[in-house]
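Visitor: Provided below are the primary sequence and the corresponding predicted coordinates.
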Amino acid sequence: MSYVDEILERVAKENPGQPEFLQAVTEVLESLRPVISRNEDLYRRDAILERLTTPERSILFRVPWIDDSGKVHVNNGYRVQFNSAIGPYKGGLRFHPSVNLGVIKFLGFEQVLKNSLTGLPIGGGKGGSDFDPKGKSDREVMAFCQSFMTELYRHIGPDTDVPAGDSGVGGREIGYLYGYYQRICNRYEGVLTGKGLTFGGSKARTEATGYGLLYLTEEMLRCNGHTLSGKTIAVSGAGNVATYAIEKAEQLGAKVVTCSDSTGWIYDPEGIDVALLKDVKEVRRARLTEYAKARPSAVYHEGRGVWTVKCDIALPCATQNELHLEDAQALVANGVIAVAEGANMPTTLDATKYFQDHNVLFCPGKASNAGGVATSALEMSQNSERLSWTFEEVDAKLKGIMVNIFHNLDDAAKEYGMAGNYVAGANIAGFLKVVNAMLAQGIV
Ligand code: NDP
């Protein structure tokens, strides 16, 4: 049996009930077959794949907190420190009812390769809770964050593990988490990223994932003889990634005609009004029905449906497994030329294959959404030197990093005879750097 098959069997056996983790490992290892077979004896000798698919440390903890009526609740807290071969663990915290150990492990595993791809010295980790911030008062969110940090603080540090935001964890939550860390540790240091601009945050971090997605998409199109300007784009999601992806796409001359949330979606043939979207989602924290009420050109639909709209480019920016095979078929039938993932693993394996089989340019999230973590690493650099760079400086660095990521994965795919297969290219480029560091550092 090949080393890859052996590991896939082992991962399936040892991680029952964790389908997302198994899916992520399968996607990565399948595309790494040519690389692994070139070095099979060496990797097997050092148990590289066993170590790569087993977190260095998984921390599970209880998070008790009291709501505004005095009732006590208990949620599950997680921090999975996956791999620190090339730098301190780095990766977001997700607060969402769907969070469980398997989801955090899938995200942490992907994060290892993503962080490697940025070219910056950061290892991979991920964390979060099944706490749902939706519908909670600020006071309740603060109570939860303080309780969460009461355990997390002992496992993190600026040179150990530097968490950031993810779904459900934005500036408000990072502020509460940071304030409490500082209080109980009595240290003012860059232990979290995504902080407010008045207390160590980096300019352009809020925009970074969405903007970075567009910088990479533009480069991918350019290298394949297309332009972004003038194109029609379908975006899913209406959170941090989606909002700033829409903003940058429109700045670059494209028209974005959709966005969505977990209950429905908007079709706006005039182009999404980003200022209105920010007001509805970031200020009022309301449903997209409010967007449609305020915008005569927009139509609101209940349920799923973003991918039925005719577009040139699709940018899934909501959540994992939100773009299925039938969505890919509809997009291809409507003439889509490129898909770049803003979310983590939003496209199912069969949908990804369908795009690739139909010559659609397809960039996986670990490359195309790496702008967020890359800018988080820039925030760590600014914190270490106790300086703060301008928006333009950070944005220019972000653009350089995203263009560089695209060329790294493009080159890796070509080197292994898979030109144009950016899924394989991203996995190979990310993998080789981490594995070479692991080989050099011995059995740890
Ligand atoms: P947010 O919580 O800000 O937004 C998520 C959006 O997706 C919301 O509009 C949400 O709707 C919607 N959504 C959630 N679940 C579903 C669903 N099942 N069906 C349809 N829509 C859904 O998260 P982010 O924008 O920060 O993150 C989005 C994705 O991008 C995640 O996969 C995250 O891991 C990834 N990512 C984020 C980075 C960042 O810097 N923020 C960096 C790299 C990756 P509703 O408002 O109803 O909840």
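Guide: Looks like it arrived, so ask away.
Visitor: which residues in the stretch 51-200 of the chain form strands?
Guide: 57-66, 72-83, 89-95, 124-129, 161-164 (DSSP state E, counting those that start in this stretch).
Visitor: out of the ones you listed, deepest packed?
Guide: Most buried of the strands of the stretch 51-200 of the chain, by mean neighbour count (mean count of other Cβ atoms under 10 Å): strand 124-129, with a mean of 30. Backbone N, C-alpha and C define where each C-beta goes, glycine included.
Visitor: List the strands paired with that one, with their directions.
Guide: The strands that strand 124-129 pairs with in its sheet are strand 72-83 (antiparallel), strand 89-95 (parallel) (by DSSP bridges).
Visitor: Export the ones you listed to TSV and append columns for mean pLDDT and distance to His358.
Guide: Formatted as TSV, the strands paired with strand 124-129 follow (pLDDT from 0 to 100; distance: least, Cβ to Cβ, whole Å):
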stretch	mean pLDDT	distance to His358
strand 72-83	98	33
strand 89-95	98	32
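Visitor: can you list these in a markdown table and add distance to Met438?
Guide: Below are those laid out as a markdown table (distance: least, Cβ to Cβ, whole Å):
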| stretch | distance to Met438 |
| --- | --- |
| strand 72-83 | 8 |
| strand 89-95 | 15 |
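Visitor: For the ligand, which of these is the nearest?
Guide: strand 89-95 (6.3 Å; Cβ to the nearest ligand atom).
Visitor: before we move on, the earlier item: including distance to the ligand, could the strands paired with strand 124-129 go into CSV?
Guide: Converted to CSV, the strands paired with strand 124-129 look like this (distance: least, Cβ to the nearest ligand atom, whole Å):
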stretch, distance to the ligand
strand 72-83, 14
strand 89-95, 6
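Visitor: Looking at those strands, which is nearest to His155?
Guide: strand 72-83 (5.8 Å; Cβ to Cβ).
Visitor: Run the angle between that closest one and strand 57-66 for me.
Guide: 160 degrees (axes from the mean of the first three to the mean of the last three Cα atoms, to 10 degrees).
Visitor: and strand 72-83, how far from the chain's centre?
Guide: Computed by Cα atoms, centre = their mean, to the nearest Å, the separation of strand 72-83 from the middle of its chain amounts to 18 Å.
Visitor: pretty sure Lys278 is in contact with Asn240, am I right?
Guide: No. With contact defined as Cβ atoms under 8 Å, Lys278 and Asn240 do not form a contacting pair (10.5 Å).
Visitor: With neighbour numbers in mind, choose between the two.
Guide: Asn240 (26 against 16; other Cβ atoms under 10 Å).
Visitor: The more buried one touches Thr209, doesn't it?
Guide: Yes. Assessed by Cβ under 8 Å, Asn240 is found in contact with Thr209 at 6.7 Å.
Visitor: What residues does the chain have near the ligand?
Guide: Contact residues, the chain versus the ligand (Cβ under 6 Å from any ligand atom): 165-168, 209, 237-242, 260-263, 317-319, 322, 342-344, 369, 372.
Visitor: can you tell me which of these are in strands?
Guide: Secondary structure defined by DSSP state E assigns Ser260 of the residues of the chain next to the ligand to strands.
Visitor: I would like a PyMOL command selecting only the buried ones among the residues of the chain next to the ligand, please.
Guide: PyMOL command restricting the residues of the chain next to the ligand to the buried ones, with burial defined by 16 or more other Cβ atoms under 10 Å:
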select buried, resi 165+166+167+168+209+237+238+239+240+241+242+260+261+317+318+319+322+342+343+344+369+372
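Visitor: and the closest residue in space to Asn115 that isn't next to it in sequence, how many neighbours does it have?
Guide: Nearest non-adjacent residue to Asn115, counting by Cβ to Cβ, 6 or more residues apart in numbering: Ile122, 4.3 Å away. Neighbourhood size, Ile122 [other Cβ under 10 Å]: 25.
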